[in-house]
Each structure stands twice: as structure tokens, then as C-alpha cells.
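Student: I'd like to go over a predicted model; first the sequence, then the structure.
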Amino acid sequence: MAKRMRYLPRRPKSTKALNQAPGTVTYVGTKEQAETVLEVIDYNADHFERFNSKSPEDAFQFEAEDRTTWINIDGLSNTAEIEKVGKYYDLHPLIIEDIVNTNQRPKIDEYDDYFFIVAKMLYYREDGRLENEHISIVLGKNYVITFQEAGGDVFEGVRERLSKAKGRIRSRGADYLAYALLDAIVDNYFLVVEEMSDKIETMEENLIHAQPNDDTTLEIQELKRTMLRIRRAVNPLREVVSRLEKIDNELVQQQTINYIKDLYDHLIQVSENIEIYREMTWGLMDMYMTTISNKMNEVMKVLTIMASIFIPLTFLAGLYGMNFEYMPELHYKYSYPALLGIMFFLLMLMLYYFKKKRWM
Amino acid sequence: MAKRMRYLPRRPKSTKALNQAPGTVTYVGTKEQAETVLEVIDYNADHFERFNSKSPEDAFQFEAEDRTTWINIDGLSNTAEIEKVGKYYDLHPLIIEDIVNTNQRPKIDEYDDYFFIVAKMLYYREDGRLENEHISIVLGKNYVITFQEAGGDVFEGVRERLSKAKGRIRSRGADYLAYALLDAIVDNYFLVVEEMSDKIETMEENLIHAQPNDDTTLEIQELKRTMLRIRRAVNPLREVVSRLEKIDNELVQQQTINYIKDLYDHLIQVSENIEIYREMTWGLMDMYMTTISNKMNEVMKVLTIMASIFIPLTFLAGLYGMNFEYMPELHYKYSYPALLGIMFFLLMLMLYYFKKKRWM
Amino acid sequence: MAKRMRYLPRRPKSTKALNQAPGTVTYVGTKEQAETVLEVIDYNADHFERFNSKSPEDAFQFEAEDRTTWINIDGLSNTAEIEKVGKYYDLHPLIIEDIVNTNQRPKIDEYDDYFFIVAKMLYYREDGRLENEHISIVLGKNYVITFQEAGGDVFEGVRERLSKAKGRIRSRGADYLAYALLDAIVDNYFLVVEEMSDKIETMEENLIHAQPNDDTTLEIQELKRTMLRIRRAVNPLREVVSRLEKIDNELVQQQTINYIKDLYDHLIQVSENIEIYREMTWGLMDMYMTTISNKMNEVMKVLTIMASIFIPLTFLAGLYGMNFEYMPELHYKYSYPALLGIMFFLLMLMLYYFKKKRWM
Amino acid sequence: MAKRMRYLPRRPKSTKALNQAPGTVTYVGTKEQAETVLEVIDYNADHFERFNSKSPEDAFQFEAEDRTTWINIDGLSNTAEIEKVGKYYDLHPLIIEDIVNTNQRPKIDEYDDYFFIVAKMLYYREDGRLENEHISIVLGKNYVITFQEAGGDVFEGVRERLSKAKGRIRSRGADYLAYALLDAIVDNYFLVVEEMSDKIETMEENLIHAQPNDDTTLEIQELKRTMLRIRRAVNPLREVVSRLEKIDNELVQQQTINYIKDLYDHLIQVSENIEIYREMTWGLMDMYMTTISNKMNEVMKVLTIMASIFIPLTFLAGLYGMNFEYMPELHYKYSYPALLGIMFFLLMLMLYYFKKKRWM
Amino acid sequence: MAKRMRYLPRRPKSTKALNQAPGTVTYVGTKEQAETVLEVIDYNADHFERFNSKSPEDAFQFEAEDRTTWINIDGLSNTAEIEKVGKYYDLHPLIIEDIVNTNQRPKIDEYDDYFFIVAKMLYYREDGRLENEHISIVLGKNYVITFQEAGGDVFEGVRERLSKAKGRIRSRGADYLAYALLDAIVDNYFLVVEEMSDKIETMEENLIHAQPNDDTTLEIQELKRTMLRIRRAVNPLREVVSRLEKIDNELVQQQTINYIKDLYDHLIQVSENIEIYREMTWGLMDMYMTTISNKMNEVMKVLTIMASIFIPLTFLAGLYGMNFEYMPELHYKYSYPALLGIMFFLLMLMLYYFKKKRWM
């Protein structure tokens, strides 16, 4: 069996974390990354600037009122850097905790000057591994800060559109950027869910036509577990987007609301698909069970046919192998060919019977 | 096994689409159609006119205030044409996106001058294939525009009634026309659901009386999948019609509301039927399992009867086939017929035992 | 297997009906009845009159203000007669459609001058067949009109009480009559549900003690289907009665409300019973499966015991049937009885082993 | 199998009852009791009086304003007596019907001068039989009337506390008495539910370690049925107590509300326990199925081991029992011991193989 | 099988308790502890004092207005001590009852001067046993009293932080302390749930790769039961925290609300994890069933292969062991080697057939 994918680290809070005060900033994920890398994109309709940095201070200058700044931070294990950013933007200690707490479920917190959104990126890396990455989005008046666990994300399309002078995204503000990022995340959910659908159908075919083995049940259980975890990543986001849609706050402009509604629609669709594939996954074990039983039926038929044909014939042969002195048949000339004939007749009779029963 | 029906294209958004801006008009369905065909019906109580065209411009002249115009557009793959219509009627970019996004679930969007409704047509083509077609309806003050993926639909009855001078439909406005179209869609749901019911009952009979084979489980899974997809097409429409019923807008006249209520009733009925057939489908795998077990039972009984009868007899024959010098029975004159008698008695005893156990 | 009961005609709307305008009056049930028969009961505390007629016109004279008139109409296939009645009482075209549309689910529609109620009568005919009959009730100021598919109903008790001078029903108005009719319908639900309970228990006993056969699974599926259909007939009525209870309209007098509350209570009870029996029905397939497996176990034990005892003995016999020249045992005088003794000992050993394992 | 417990009489309303008017007082339970027995307890903080009577008239004098009177009536089959009490206290005819209708589900009805509460007493009689008794409570200003189907109840503790001068119950009014009675009923639910828990665990042990037989499935079904019926008795009472808690009526004093809240808490706990044990019960059939399969596995292993060992050996013996003239091995001196050696080696090989496969 | 863990004492209320008045203080848990031990921590930003005592009176002096006092009481079986504390702080009799009633589900009661919170501590003791301990928290203006069943708890981290001068907890009031205690409880839920996840995965591996035995089903049932009981401990707490978050009372300061929101988030996460592991647990029995069937398949294949190969060969040997006088083959010189050749060919044929069928 392939190595099991794990989305959930075994210990959501280490024993050390258990004894710590709430608000303590401890990274609990598995994606250790030595350095924290910042990418800064600063733009408006006329202007576009982009560069990387390893020092948060570089980003802080990009706060021109008439421009939108997107600061993307990769790497959460260096909590000191995260705390520095947090302090600069006056983020609440609990927000900093949530940024590095990769077990935090998707949610939205409204503060006076910014919104704080937690989501989960699901995407496939080049090696085919499904990545479940914790992402936090801070949406302020003219800036968006995103915190990711590690390099590699689903935002390449957004970056590309930002770099083009005439896209709609360049002339809209930070709220539209945040929407575009969430939209990119949700688009990838479709891919992941469809990939699950493929896996389920492949499994169905394998269960019937290939030779299932002992690990098949483990693989089905793993599929179930994955479906449940994808669901857990996706479903809470519906609530987040629904609240974003209804928020009455100048941070979200009226013209962006329609796009958020559309995003909500997409999330509902993903959820519905997840439910369908989940029900299909639940049916796999039953399928496997019937397949095993069908195979056993086949085995039993072979045994029954072989035994039913040859056991009576063997009895007849044994009968005339007895050593009684007075067995008249033994001395007739045509006894032997007659018995062979009877045996052949019995064989035919049996074959006919099994054919009629459609066991062969 | 018959080729699997697929209602869901494997990739709801192509990788290319993933990197595109929201509102980008990309057809993602599977029904490529070279040309976009327009059908225009312009009518009031006294007037009826109908013609086809390949150019959207022809339709735009039909905007007489005292008439109702139904513009039906077949073929969504030519997105340029769709966008042209969209611009003429001042439709929101996200609406144009939804018109060609065949993965969009049923919904209703209210705009100032029109409603935008998405639904799914389920109907059987002549070749018995179940079609799941994306349809969008724009209901304006005196016009209805419908967008379909391809030619062939469930509206023939509506067209026929429109062509007759005295039908109620001719004297009502665009809202009644939109209702009539939705009603035609829902009527076809009944047909599809009943067809599913037939399939389930046929499957039940086959499971018991015919010879189920390896693909039977795949077919049951496919039935489940189809039920789930039909449900996904039908259930969201309930919400749409429910909102349409409660809308307080001059686009929907008071006298049409009663008809919409009736339509809602029908949708509830379809939903209830779907739930019943869904539960029945879920029972099929259990049925299959018991059938397999019953058949195995039968196989085992044959084996057990044959073995239980002949193994003891063969032992007896073997006993007197031994070559010991001192076996007095071998020399008695009536040993052989006596043994045959004993064997016959054992045979009868066994048969009686199995008869009593009702294994034969 | 007994003929399957069908509550649902295969085609809820014929293909012809599909192309018809909404509000078109088409009978879609299966109970064709040549003539429409009217029964009229006109009463108040002092007066009681009853007669049958084949002409709706006869009934229309019974409209004295101080009396209550119950017009019961049997036979819906003659839609012209139904439409005539509908026009006389000024019923909405959609109501007429619902009266003859036997697929209409239970509902209540409030109009200015009357309420329109749809329900399902479930009752057993003399031949033991479960009838699922569509019934419509129009409750006006001083009249009640009931439309039934065919003769035979559950209202005999109501008629009897009406004919007696001192019953409470004679001194109350049309609203109490409508309540009494619904109460009679609901009382019969109890009977039907209890009958289902009996069937389930009988099935349970049969599964264990009688010889289940191939059709058993079909019968279980049929039980499930029947439970689901009964539920569909009963549950929507709860909503109807709940709304009737809360209606603020002079058509329903305050003193009748208490009785309607009581009726609602009864409906809840029926629903709860249905849920219990439904869960029991769902358990039947599992029961059947364990029963089959138990029986197979028994078969396997017989085979195993027979084979385990005689196969080793046969081997021993075969051993001494070999024709080697140098087999010293063959020449000893007591070889044969010694071997018989060993065989008997092995037999006893085996029997003890199986007894200890409790396989016999 | 033990006699099945039945909580539900087969016919909730006899055919005779079906034709009767609503409000007709007919006892439908199974606990016929020739006489109706009254027990009267009249008390306040300083006073306590208690006696039995067979005539309701005796109780009516206990209506001193400054005392609380509890009239407990055993035996509902004599409906005339019940009606007499009903008329004296001016109870609504539907209440009288509900008192004797043992199928009535738990509910609360508020009237101007009193509350009417229906509940179900679940308790074990001395013979271990689970009793499901219908109980009605009328709570008036300074009196409580309870109607039970038969003698024997769960109120002994309440009576004892009433008889003691210093208990809290003596200084509180009728509302506290009604609470105390309901509390006693709910306390017994805990006992019953725990008893069910014991039964489930016993069944689990039996399924694995004892010899399950054909009736085991029936017993599991019976457990399910009992769980469902207990749930039906308990769950509606939650609603009753919840409404009692929220009632704004001088019949319930403010200081009693806290106790009612506590009672509600207990009911929620019972409900949660019921759900847990219900889920466990549902798992029993699966457990049984795996147990049967495990046993069959064991049987099959014995068969396979015996057959696999001896069938090849028997073949070898048969080979050298052939009567060909030219079989050189037959004449070698050490053929026989050599063959015995080979057979012993094969036997050891087989045993090793099965040991390694852990089939023995 | 390991000794079953029991979280629920068999009798939630002893028979004696059944007859007692509500509000009677009876300890019903299983953790008898001879003495009640008090631990008092008195602190503010500048001050920290901590000592143990066996007399509640010692604690009462710690009521300085500008300090926060945490009184932790271990041992509930000495109810007299508990009642003494209760009277001193003027706690309602029902609260005292709930403190010692270990069956009480998590809840929050608001009183004028304090809140009363019931929760369940789940944690692992050193011996690996899962402890389910009843804990009550009384939150007053400047004090928190906690009642535990026995020594040992999950609050060591809180005590440590309290002892450090610069922690946030020292400068906040009693409400923050109560939050910190609940937070410690919830943090342990994560540990327990993850431990369950490990157990489930271990069980999955064992089911497939190790040798499951008769007790495996019992263990799976036990896992289910444990999951259900953990759920019952955790889920009601969500409601408690949700109400705490919304409370408008000066006992809970505004700055603490954000922390409580965070706590609520964590509880939702635990709940979601519980649901996932619960679904996985429910799948275990199916997994086990397929594993058993797979193993049986393997057994059957061995039997079928052995029997199918040797039964025909034995028949052939038996054929030439017959004693007919006229069997020409017996006298040919190469009959014996020819037959051996045929037998070898048949053996190869069979092996090829089973290989092709992939049974070996």
C-alpha cells in the first residue's frame, strides 16, 4: 500500500504547548522551513511593482494610500518574524496564534481596521501528493497580507493577471484582491474533488476487474478519511464567505459583493460534489464485499463440480476393487467396458446438470 | 457493461480556466456546437410570429412594448455570440459566465430590470440517453431569453400552445412564459424519475431471477450516482421557485403567483419521489449480497449432499479392498450382496436426512 | 411472489399531458369509473336528508344558509362533470386540475371563500388489497364537497353519526364536518400502520423459522417501498393540519380548533409509528443475511464432519489395499481386527472433538 | 425465545372506536381492572391526611384553599368513573378521551384553570417485566389529579416524603408536587435505560462467547424495537417539560422553575443515553454477522486441513493399489517403508504449512 | 480482551437516591476519596500565595477585593464538606446536587452573583487509563471555585503560569482564570481525540495484517461506545461556551470575550474531529467483515485446489485398482508409466488453470 497521506499531524498541540498560555505563538504544523520569505506586490491601475525579500521591514514602506499592496509570507515556523509583522500591523495576539496554528479551522474575524480570514489550500504538488496548507488572509484598507506554511501555492493565476496592465483586478482595491485569492483557492477545490471522483471510479473498476488484495480495505478507509478531511477543509469556508457577503463595512465595496456571491455559489457546488463522492465512497466497502462473495461463489462452484463428478465415480471404482471371493460381475467379459460406459454417462449427466444450473 | 453515463465533465474548469479572471467567459461543457442558432417567437393575444436566425442582431428588433418576445439560443460554445447578446441586454459579466458555465447549479439572481434563472433540463433523447443540459433563463419586462447548450429541448409543448390563438399563454406576459418553460422542465423530471423507478425494479428482478455478473455491482453504483446527480439537478431548483414565488417585483404579476405555487408543489413531489427511489437504490446492494449468499448456499448444499453420501460408501468399498490375509468376510458367499444392501440403506438414510432438512 | 402492489402509476403525467397547458384537467389515476356518482347529505340539528344522484345539478339546490351540505362525489375519470361542479362553485382552474391529479401530494390552499385540502385515504378493501385513494375536500361556509376516485371510503362512521339526531356533529357546522372527515382518514392510518407492523413481525418469524426463498428479498424490498409510500401519504398531511390549526379565518370556528389540535396529535403519533416500523423494515435485510449465513454454517458443519471422519479412515483402508509384495502387516492374523479397532477409535475421537466444539 | 414484550396493543383504536365520534371515551389499553381505586393525600406544612376510597365523591370534599390535595386514580377501564371526575373538575371532553386513550403520546395542554399533562411511566415490575404505563396529570390551583392504568407506580418515594413533616415538599404547593411526580417518572427512565445497556452488553458477550442460535436475530430485532419504543415514550416529554419551564402562569411559581429546569436537564441526559444505546443496538446485527462468519471460517479451516492432508495421501495409497502387471516398485523390498516415509514427510509439510498460515 | 473501560457507572442514581427529594446531596460517582483536599491560590499582578488545607474554613479568609482567589476542591464523596462550602457562598441546593452528581451533563447556570459551569475532564492517567472526571466551576466576582472528583487534573500548566510574575493571567481577573481552566480542559480533548485516532488506525492495521480473533468485534464495539461517550462529554460544552460568549454580565469582562470566542473555535474543531473518527470507527466492522471474507476465500482456494487436483487422480488410480478379470490395459507393459504420464499432465493442467485464475 502506498504511504498514507496525513493531513492531521498526530499532536495538534505538543505537550509543551498544552502548558502554555493562550495566545502563545507556537507553530504546530509539519512544514518546517528555515527561512521566512516575503513577496511584495504593489499596484494600482497604472503601477505594478514586485519583489522578494527576507526581511519584513522592506514590505512596510509599501503603504501608499492610492495603491494596493499584497504581502505574501511563506514559512510559519519562524514565529519571531510572524510576530514582528503582527505587531507592525497591530494584529491581536490571538490572530498571530491562529496564523501559525495550522489546526485552526476556516473562519473569519472582524476587527475595526481589518478582517482576518483563515482558509485551507488544497492542491496537488508536482509529485502527485495532495497538499493541505493552512493559509491566513488579513484584509486591510489598502493591503492584503497572506501567510502560508511553505512555498508553492495556487495563486500563480492571480499574480499573472496582476502583472497585466488591463485586467479588471488592477483597477479594483484590496477587497477584490482578497476575493480573487479566495476564488483561486476554491477553484482548486474543484480539481481536488474531481481527482477524488477519479480515484473512486478507478477503485470501483479495480474492485471488480483487478485482483483486490488485503490492502484494498485499507485504501477504501483511506479514501473515506480523505473525503472527510476535504469536507472539513471546505465546509467551514462556506460560512466564512457567507458572512463576508453580508458584511456591512467599507472594507468591502458594493461592486465586489456580486463576485463574493458568485464565490459562495461555487463553494456550495463543491460541497454538493463532496457529498456525492462521499456517498459513493461509502458504497465502496459494500461493493468490495459483494465482489469477494462473488469470487468465493466461483471458487465453491469449481470445488463442487469437481467433487460431485469424481466422488461417485471413485466410489464405483472402489466398489469393483473389493476383494470378495464371490463377486460375479468381476468375471463377465464386458463388465469393464460396461462400467466405463456407465461412468461416462454419469459424467455427462453431471455436466448437463451443472450447465443447466449455469454453474459453468 | 453499458458505457457509463457521465453528467459531470471530468474537469469543471480546465487548468487554463483556473488561471483566468473571474467573469471570464469560457464554455466548459462537452456539447460543442459549431454555430449558435437563435429562434425568435414574438406574440401577443392577436399576433404570433416565429423564425430562426443565426445572427443575434435579428432578434433585437423584436422589442415592441405590447408584445412578448421569446429568444431561444442553442449552442454555448461560441462565446463571442453569447457575449454580444449579453452586452445588448446589459447583462452582468458574471451572468454571461454562468450562462456558459455548465457546472453552475440552479439559482436565481435578481437584478433591477430582469431575473436570471439557471436550471437543468433532464430528458431522454431518441437514442435513450439521459441528457442533462444546462439552461439559463433571463426574464425581462416583455421578453424571455433562454440559453441552451445544444438543439433539442423539452419546450415543444410550449411552442405548440403559443402557436394556438386561444391558449391562456398567449394572453399572459413574459412572466407566465417563464413559468411555462420551468413547468415543462419540471414535468420532464417526473418522467426521468419514473424511468429510474423502472430501472430499479428491473434491477431488483434481475438480481433475483437472472444471472447477475461481475458488472452488476458497477451498475448498482452507477444507479446510485445517477440518483445523486438527478437530485443535485432538481433540489436546488426548489429554492429558486420558492424565491420566485415570494418575490415582490412588478416583473412577476399577481395572477402568475398561483401557478408558481403549483410548480413549487410539483417540485416537492419530484423531490419526495427521488428520496424514495434513492432509498430503494441504496437497498439494491444488500439485495445483491443476500442473493449471492443464497446462491452460495445452494452450491454448498449440492457439495455437501454429494460428499456426505459417497464418502462413507467409498470408505466401505475401500475397507473390503484391503489385502489382509485374514479377513473372514471376504470369503462368505453373501458378503458382497449384503454390503450392497447396507450401502443402499445408508444412501436412503442420507437422502431422508437431507430431505428432512429441506436441503433438497 | 404475490403481485406487487403499486401505489404510483408508472406515468404520473402521460406524454400527452406533458404538452398540455397548466390547469388542463386530465385524470391520471388508474381507477377508471364510467359514471360520476353524487351523494348529498343536508343537515342541521333538526334536519337530516340524504340521497344519491348522477347529476351535479341536483346538489346545487342544497344551499340553505342554516343547514350544512356535504356533497360527496365518487369517480374522477369523467372530468367534464368535475369541471361543471368546479365552475358552479367558482373553483380556481388549478384546483380542478389538482382534484383529478391523483399524484398531487397532500396540501391546503386558502382561497377567499373556501379552503381546498388534498389528502390520501389509505384503507383495506374486502379483498385485503391496500387502497391508496386520492381525496380532495373543499370546505366552504356551509358546505363541504369531497371528491373521491372511486366508490368505497372510510366515512361510514361519519355518515352514521350524521344520521343520528343527538350526535355533536349535527349541531356543529361545516368546519366540524371537515374535521370529522379528516379524523376518519387519520384513524385509518393507524389501522394501516399496525397492519404493516404485523407484516413485519410475520416476516421476521418467517425469515427465521420458515424456509425463505429467492423472492424473500423482493418481498422485503416491497415492504420498504410500501413503508416509504405510506410515509409520503401521511407526513405532508401533518403540515396541512398544522396550518389548518393556525388559520385565522371565520370558516374555522374557535371551538373546532381544539379538535384539530387533537387531530394533529394523532398525526404525529402515526408518523412516529411509521418511523419505528420503517427502521424495523430496514433491519429485515440484515436479519435475512444473518439467517442465510447461519444456514450456510449448518451446511458446512455437516460437510466438515462427514469429510473429517471418513477421509482419514478411507486413507487407512487404501493403505492396506496396496499391492506391495513386502508388507508384513498383511500377513499377521490380527491385523484386520486391530485396524478396525483403530478406525473405531479415530471415529470416536472425531465425534468427541466435534461434540466439544458444539458443531453437532 | 422469551415471550415478546409488547408495548403497543395491536389495535390502537378498535374497529368500533373507528366509527365513534371524536371525544368518545373508550379505554383502549390492555390493563383491564374491574374497579377504579382512588387514593387521596391532603396536606400542607402542618397537616397530612391519606386514605383510599372507591368512590370519587369522597375526594371532592378535599378542597381547602390552604391545603394541597393529590388525588391518584388507578384503573381506567371503568370509563364512567373517569367521566364523573372529569365533569366535577370541568375537564374538556378531549381530555377525558386522552386520559383513557393509552396510545396518546406525552403532551401538555394549557387550559385556563389547569394544565393537562400526559406522560409514560416506564418501570420494572417484580417479575422483571417492563411496564409502559399511560399516566395523565391534571395540575390545578391547589390540587393534582393523576390517572393511572393500574395499581403499582413509581411514586412511593414521593408518598414517603409527603408523609414526613419536615420535607421541602410539604411546604410547597401543587406545582412542586407535579414536578416531584414527573421527577420520579424521569428517574425511572434512567433505571430502564441502564437496564437496556446491561442487556446490550450481555448480548454482545453472548454473541461472541456463547452459542448464538436462530432466535438471536429475533432477540436483536426485539431489542431494537424496545429501544425505539422507549425513545418514543421519553423524547416527547422533553417538549412537555420545556414548555412547562417557559409557561408564564400563576399555576407554576417562580421558585419551582429552577427545579423544572433541572428536570429538563435530566431528560436531555436520558435522551442522550438512549441515542448511545440505540447506536450500540444497531451495531449488534453487524457483530452477529461477523461472529457467524468467524465461526464459518473455523469450520472451513478444519475441513480444508483434513482434506488437504489426507486426499494426497489417499491418492498415493490408491496408486500402489493398482493392479498393473508391470509395476516394478511393488516388488522392491523397501518400497512400503519408503512410501510410508514419504507420506509422513508430506503430512509434516502440510502441518508446517498450516501452522505457518496460522490456520491451526 | 482488555478490561472494558466504563465511563458510566451502572446506576446513575442508586435505588436509595430514587426515593430522595430533589436537591438531596448524594455522591453517585465511583471515585471514593476519604478526605476532601483544598488547594487555595490567591493572586494579583504583584502577589502570589498558594497552600493546601483540609478544612474549607481556611479558604474563606481569602476574599480580598483586589485579589483573585482560586479554591480547588478534590474529592466529592464527603458531601458534608461540599455542603459547608455551598452554604458559605450561598450556592443554590440544586447546584450542590449537581456538583456531586457525576452524571450531570455539561451546562451553565447563571445566578445573580456567580455562574455555575459543569464540564467533563478527559485525560490519560499515568497507567494509560482514560479518566472521565466530573468538574464543576463556580465563577464569582473575584473568586473561582473548582470541584473535582479526585486528585490529579489537567490544570498544571495554569498553576505554573499563575506562579510566574509576568504572565498575562496574573493581571487579569477571575473570568480569565475560568477561561484558562476551560481552555486547559479543551486542550486535553484534542489529545484524547488524537489518541482515539491512533487506536482506530492501529485497529485498521491489525484487522488486515494481524490475526483478528473473537474479541475483535467486542473491541470495535468498545471503540464505538468510547467515541459516543467522548462525544457526549464534549458536545454539550459547545453550548456552554457559546452562552458564556454571549453573556452580558459584568462577571465576564469585554477583553476576555475574544479568548472565549477562540475557545469556542477550538471546541468546534474537536467536535469535527470526533465526527470524523466516529465515522471511521463505524467503518471498522465493515472492514473486519471483508477481512474475514477474504480469509475465508483464501481457505476455500486451498481446499478447492487440493481437492480439484487429487480427486480426479485418485479416481484414475482407483480405476486401475479394480479387480475385473478382463481389463486389457493391466497387462500392457507400458500402461503404468503411461498412466503416470497422464496423471502428471492432468496435474500440470490444473496448476495452469489455477494460476490463470490467479487463485495461487
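Tutor: Noted; the coordinates are in hand.
Student: how about stretch A:318-325, does it reach chain E?
Tutor: Yes. Applying C-beta under 8 Å from any C-beta of the partner chain, one finds stretch A:318-325 touching chain E at A:318, A:320, A:321, A:322, A:323. (Glycine included, C-beta is placed from N, CA and C.)
Student: Which of the residues you listed has the largest number of neighbours?
Tutor: Greatest neighbour count in those, by other C-beta atoms under 10 Å in any protein chain shown, goes to residue A:318: 31 neighbours.
Student: re earlier: out of the residues of stretch A:318-325 next to chain E, who's nearest residue A:136?
Tutor: residue A:318 (82.7 Å; C-beta to C-beta).
Student: quick one: that closest one from chain C, how far?
Tutor: Residue A:318 sits 9 Å away from chain C, going by C-beta to the nearest C-beta, to the nearest Å.
Student: Find the helix or strand that that residue is a member of.
Tutor: Here residue A:318, judged by DSSP states H and E, is contained in helix A:254-319.
Student: now the angle from the very next helix or strand once past that helix to helix A:254-319?
Tutor: Once helix A:254-319 ends, the next helix or strand along the chain (criterion: DSSP H and E) is helix A:335-356. With axes from the mean of the first three to the mean of the last three C-alpha atoms, to 10 degrees as the basis, helix A:335-356 and helix A:254-319 are set at 160 degrees to each other.
Student: Next, the buried residues of helix A:335-356.
Tutor: Within helix A:335-356, the residues that count as buried by 16 or more other C-beta atoms under 10 Å in any protein chain shown are A:335, A:336, A:339, A:343, A:350, A:354.
Student: before we move on, what about stretch A:236-243?
Tutor: In stretch A:236-243, counting by 16+ other C-beta under 10 Å, buried: A:236, A:237, A:240, A:241, A:242.
Student: Can you list the residue ranges for strands in the stretch 1-150 of chain A?
Tutor: Assigned by DSSP state E, counting those that start in this stretch, the strands in the stretch 1-150 of chain A fall at A:37-43, A:48-53, A:68-74, A:107-110, A:115-124, A:130-139, A:143-148.
Student: Same list (those) but as JSON lines, adding mean neighbour count, distance to chain E and mean pLDDT.
Tutor: Putting those into JSON lines (neighbours: other C-beta atoms under 10 Å in any protein chain shown; distance: least, C-beta to the nearest C-beta, whole Å; pLDDT from 0 to 100) gives the following:
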{"stretch": "strand A:37-43", "mean neighbour count": "20", "distance to chain E": "27", "mean pLDDT": "89"}
{"stretch": "strand A:48-53", "mean neighbour count": "13", "distance to chain E": "31", "mean pLDDT": "88"}
{"stretch": "strand A:68-74", "mean neighbour count": "23", "distance to chain E": "22", "mean pLDDT": "91"}
{"stretch": "strand A:107-110", "mean neighbour count": "18", "distance to chain E": "6", "mean pLDDT": "91"}
{"stretch": "strand A:115-124", "mean neighbour count": "22", "distance to chain E": "9", "mean pLDDT": "92"}
{"stretch": "strand A:130-139", "mean neighbour count": "22", "distance to chain E": "13", "mean pLDDT": "92"}
{"stretch": "strand A:143-148", "mean neighbour count": "23", "distance to chain E": "17", "mean pLDDT": "93"}
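Student: So is stretch A:299-319 next to chain D?
Tutor: No. Remark: stretch A:299-319 sits outside contact range of chain D, by C-beta under 8 Å from any C-beta, the gap being at least 8.7 Å.
Student: and if you look at stretch A:331-343?
Tutor: No. Stretch A:331-343 stays clear of chain D (C-beta under 8 Å from any C-beta), getting no nearer than 11.8 Å.
Student: Chain B is nearest to which of the strands of the stretch 1-150 of chain A?
Tutor: strand A:115-124 (10.2 Å; C-beta to the nearest C-beta).
Student: What is that closest one packed up against?
Tutor: If you count contacts as 3 or more C-beta pairs under 8 Å, 6 or more residues apart in numbering or on different chains; DSSP states H and E, strand A:115-124 packs onto helix A:93-100, strand A:107-110, strand A:130-139, helix A:174-209, helix A:215-246.
Student: closest one to chain D among those?
Tutor: Of the helices and strands packed on strand A:115-124, nearest to chain D by C-beta to the nearest C-beta is helix A:215-246, at 13.6 Å.
Student: Nearest spatial neighbour of the residue of the stretch 51-200 of chain A at minimum distance from chain C, chain-adjacent residues omitted?
Tutor: The stretch 51-200 of chain A approaches chain C most closely through residue A:200 (24.4 Å), counting by C-beta to the nearest C-beta. Take residue A:200 and drop its neighbours on the chain: the residue closest to it by C-beta to C-beta, 6 or more residues apart in numbering or on different chains is residue A:280, 5.2 Å away.
Student: burial of residue A:189, as a residue count?
Tutor: 25.
Student: I misspoke; the intended subject was residue A:326.
Tutor: Neighbours around residue A:326, by other C-beta under 10 Å: 13.
Student: tell me the contacts of the residue of chain A found nearest chain D?
Tutor: Using C-beta to the nearest C-beta, the single residue of chain A nearest to chain D is residue A:321, 6.9 Å away. When contacts are counted by C-beta atoms under 8 Å, 6 or more residues apart in numbering or on different chains, residue A:321 is found next to B:317, B:318, B:321, C:321, D:321, E:318, E:321, E:322, E:323.
Student: Quickly list the domain ranges of chain A.
Tutor: Listed domain ranges for chain A are A:37-290, A:293-356 (source: automatic domain parsing).
Student: so which of those domains comes closest to residue D:84?
Tutor: Once these are compared by C-beta to C-beta, domain A:37-290 is nearest, at 59.3 Å.
Student: hmm, back to that, so which of the buried residues of stretch A:236-243 reach chain B?
Tutor: Within the buried residues of stretch A:236-243, nothing lies near chain B by C-beta under 8 Å from any C-beta.
Student: and those as JSON lines, adding pLDDT?
Tutor: JSON lines is the format used below for those (pLDDT from 0 to 100):
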{"residue": "A:236", "pLDDT": "94"}
{"residue": "A:237", "pLDDT": "95"}
{"residue": "A:240", "pLDDT": "94"}
{"residue": "A:241", "pLDDT": "95"}
{"residue": "A:242", "pLDDT": "93"}
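Student: Between those, which sits nearest residue E:191?
Tutor: For these, the nearest to residue E:191 is residue A:236 (22.3 Å; C-beta to C-beta).
Student: Could you pull up the residues touching the closest one?
Tutor: Contacts of residue A:236 (C-beta under 8 Å, 6+ apart): A:105, A:106, A:107.
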